[in-house]
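Colleague: below is the sequence, then the predicted model.
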There are 2 protein chains.
Amino acid sequence: MTDQTPPSPRTRARRVHERARYDRESLNAILDAGLICHVGYVFDGYPVVTPTIYWREGDAVFWHGSSASRMIRANTEAEVCLTVTHLDGLVLARSAFHHSANYRSAMLFGRARAVEDDAAKIRHLKGLVDSLYPGRWESLRPINAQELKATKVLWMPIDEASAKVRAGGPKDDAEDMADPVWAGVAPLPVGLGALQPDAVTAEAARAAPVISRRILTSA
Amino acid sequence: MTDQTPPSPRTRARRVHERARYDRESLNAILDAGLICHVGYVFDGYPVVTPTIYWREGDAVFWHGSSASRMIRANTEAEVCLTVTHLDGLVLARSAFHHSANYRSAMLFGRARAVEDDAAKIRHLKGLVDSLYPGRWESLRPINAQELKATKVLWMPIDEASAKVRAGGPKDDAEDMADPVWAGVAPLPVGLGALQPDAVTAEAARAAPVISRRILTSA
C-alpha cells in the first residue's frame, strides 16, 4: 500500500479543495483522535446513520456490537460509509455568510466484513480496550465464550477514504474588515472530567485507571 | 402535534429498550445541544454520510450549504437520515464486555426539502446564528443577494424520530464485583476555550461576543 490514497469519484472533493486531504498520515490522525463514528448504510432502500464506537488498527477500521443488532446485521457484507468528525471550534466572521466551524473529518467508503476467527476477534477487542486504557485488558478477567459469541466485530479497509480539515480564523471579505465586529475563533476543547468511581470501587480505594489522551483536545 | 412521537418500524428500538426515548422533550434537548449532525443519503446507490452544521426551530431541523454542494444537491427532495450524537463519557467496567460509553443520540428519518422563500431563508439563517451567538445577527451587515443565492437551506420535519441515552456507571456481572478493578465513569466534557480574536479584532480591542452555552457540557 502507498501513503497516499488516490481520490476516487466518491472521495474527490468537489468544492473548497484546500480543505481536502488524501494522505494516510492526516487520515490516521483524525481516525485515532475519535471514539464514535457514524456508519451509513442502506436498509430497505432507505439511508440509516448509526453512531457507534470504532477504532483503527493498521490499514483497517473496526466497529462492534451485539450479534443481534440491526446495524451489525445490516452492515455485514454491505457497502457502508463510515464518517468521523471532530468539532474543534466556532469561527465568528464579520458577516453571517463567512461564519464557519473548525473541524477535522474522515470519510471511508467500502464493504464491511465480519472478523470470523475467534482469536482475531479477541485480539481486536483488546486493541480497542488498550487504545483507550493502555494495559487495561490484562487487568480484566478473560472474555468468555458466551460474551465472544454475543459480540460481532466488523471491519473495513482504509482504501477509499478522504479527510477534510478546516482550521484557523475567519476568511472575511475585504470590504467587511473595518466593520466593528469581534471576529475570531472560539475553541471547543474536549477534556477529561474528574473520574467517577462506582460505589464498590470507592470502598476498595483502588488506583485510578490509565486513560489515553488520544480522544482529548484540551491542554 | 403531540409531545410523543410514536415509534415507526424504522425508529422503534430493537434492543436495549431502556435506552430508547420517543418523547419530544428528550429529542429536542439532544438536538439543541449539538451543532454538527451526520446526514445519510443514498448517492448512485451507495450510502454517504456527511457531517454538517444543523439547527432546530420548532418541529423541524435545518441544515445549509453551498447551492453547488454535492451533499445539498443530493439531499434536496431525497430521503435522508439525520443523526446527532453527543459523547458524554467513558464507562469502565470490571470486564471488557461491559465497557461502554455514555452518550445521547437522536436519529431522524424523512424527506429533505429546500426553503424556497428568500425571507424564510434569511429568518432561518438568523435562527442559526442567534442560537449560537444570541443577538449577533443584528450586529452584522445584512446578508446580500449574492450570498443568499449561493446558500441553500434544507429542512426536514421532526416526525419520525427517536433518541437513545446511556448514562450512569457500569452494569457489571454480579460475579465480577469483587474483582480488583477500578470501575466507573470518565466524563468527557466539552468546554469553551479562551477566545482567539483575529489580528484586526485584537487591534480594535472590541468587546468579546456572547456565545451560547447550548453546545457545551463543562461546568
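Modeller: Perfect, I can see it now.
Colleague: hey, C-alpha coordinates of stretch A:109-127 in CSV?
Modeller: Written as CSV, here are the backbone C-alpha positions of stretch A:109-127 (Å, rounded to 0.1, in the frame of the first residue of the first chain):
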residue,chain,number,x,y,z
PHE,A,109,-16.2,4.0,1.8
GLY,A,110,-16.2,0.3,1.4
ARG,A,111,-17.6,-3.1,2.2
ALA,A,112,-17.9,-4.1,5.8
ARG,A,113,-16.8,-7.6,6.7
ALA,A,114,-17.1,-9.7,9.9
VAL,A,115,-14.0,-10.9,11.8
GLU,A,116,-14.7,-14.6,11.8
ASP,A,117,-11.8,-16.0,13.7
ASP,A,118,-12.2,-16.0,17.5
ALA,A,119,-8.6,-15.4,18.2
ALA,A,120,-8.6,-12.4,15.9
LYS,A,121,-11.8,-11.1,17.4
ILE,A,122,-10.2,-11.2,20.9
ARG,A,123,-7.1,-9.5,19.6
HIS,A,124,-9.1,-6.7,18.0
LEU,A,125,-11.3,-6.2,21.1
LYS,A,126,-8.1,-6.0,23.1
GLY,A,127,-6.9,-3.4,20.6
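Colleague: buried residues, it. List them.
Modeller: The neighbour-count check on stretch A:109-127 (16 or more other CB atoms under 10 Å in any protein chain shown) flags A:109-110, A:112-113, A:115, A:121-122, A:124-127 as buried. Heads up, the C-betas are built off the backbone N, CA and C, glycines and all.
Colleague: can you check stretch A:29-43 too?
Modeller: So stretch A:29-43, judged by 16+ other CB under 10 Å, has buried residues A:30-31, A:33-43.
Colleague: nearest to residue A:143 among those?
Modeller: residue A:35 (19.9 Å; CB to CB).
Colleague: tell me who's in contact with the closest one.
Modeller: Residues counted as contacts of residue A:35 (CB atoms under 8 Å, 6 or more residues apart in numbering or on different chains) are A:53-55, A:132, A:215, B:87, B:90, B:101.
Colleague: out of these, list just those in helices.
Modeller: Among those, the ones falling in helices (DSSP state H) are residue A:132.
Colleague: still on that earlier bit, intersect the buried residues of stretch A:109-127 with the contacts of chain B.
Modeller: Near chain B, judged by CB under 8 Å from any CB of the partner chain, the entries from the buried residues of stretch A:109-127 are A:109, A:125-126.
Colleague: count of neighbours near the closest residue to residue A:212 other than its chain neighbours?
Modeller: Leaving out its chain neighbours, the residue that sits closest to residue A:212 by CB to CB, 6 or more residues apart in numbering or on different chains is residue A:132, at 5.4 Å. Residues contacting residue A:132 under the criterion other CB atoms under 10 Å in any protein chain shown number 21.
Colleague: looking at this, residue A:179 is in a strand?
Modeller: No. With DSSP: H, G, I helix; E, B strand; the rest coil as the criterion, residue A:179 is assigned coil and is not in a strand.
Colleague: just checking, it touches residue B:142?
Modeller: No. In this structure, residue A:179 is not within contact of residue B:142 by CB atoms under 8 Å, at 11.7 Å.
Colleague: the more surrounded of the two?
Modeller: residue A:179 (16 against 12).
Colleague: name the nearest residue to the more buried one, sequence neighbours excluded.
Modeller: For residue A:179, ignoring the flanking residues on the chain, the nearest one in space by CB to CB, 6+ apart is residue A:94 at 4.8 Å.
Colleague: now residue A:176
Modeller: Spatial nearest neighbour of residue A:176, chain neighbours left out: residue A:94 (4.1 Å); criterion: CB to CB, 6+ apart.
Colleague: same deal with residue A:19?
Modeller: residue A:164 (4.7 Å).
Colleague: what's in contact with stretch A:41-49?
Modeller: A:38-40, A:50, A:70-71, A:74-75, A:78-81, B:10, B:38-42, B:45-49, B:79-83, B:107, B:109.
Colleague: whichever of those end up buried, select them in PyMOL.
Modeller: In PyMOL syntax, the buried subset of the contacts of stretch A:41-49 is picked out as below (16+ other CB under 10 Å):
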select buried, (chain A and resi 38+39+40+50+70+71+74+75+78+79+80+81) or (chain B and resi 10+38+39+40+41+42+46+47+48+49+79+80+81+82+83+107+109)
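Colleague: so which of the contacts of stretch A:41-49 belong to strands?
Modeller: A:38-40, A:50, A:79-81, B:38-42, B:46-49, B:79-83, B:107, B:109 (DSSP state E).
Colleague: now, which of the ones next to chain B among the buried residues of stretch A:109-127 sits nearest residue A:21?
Modeller: Proximity of those to residue A:21 (CB to CB) peaks at residue A:109, which lies at 15.7 Å.
Colleague: quick one: residues contacting that closest one.
Modeller: A:8, A:10-11, A:79-81, A:160-161, B:46.
Colleague: how about these, which pair is most distant?
Modeller: Of all pairs in the contacts of residue A:109, the most separated under CB to CB is A:8 and A:80 at 15.1 Å.
Colleague: gap between the nearest residue to residue A:67 once chain neighbours are set aside and chain B?
Modeller: Of all residues not flanking residue A:67 in the chain, residue A:152 sits nearest, at 4.6 Å (CB to CB, 6+ apart). According to CB to the nearest CB, to the nearest Å, residue A:152 and chain B sit 13 Å apart.
Colleague: got it, and residue A:19?
Modeller: Applying CB to the nearest CB to residue A:19 and chain B gives a distance of 12 Å.
Colleague: neighbours of that residue, how many?
Modeller: 15.
Colleague: for it, give me its contacts.
Modeller: By CB under 8 Å, 6+ apart, the contact list for residue A:19 reads A:13, A:164-166.
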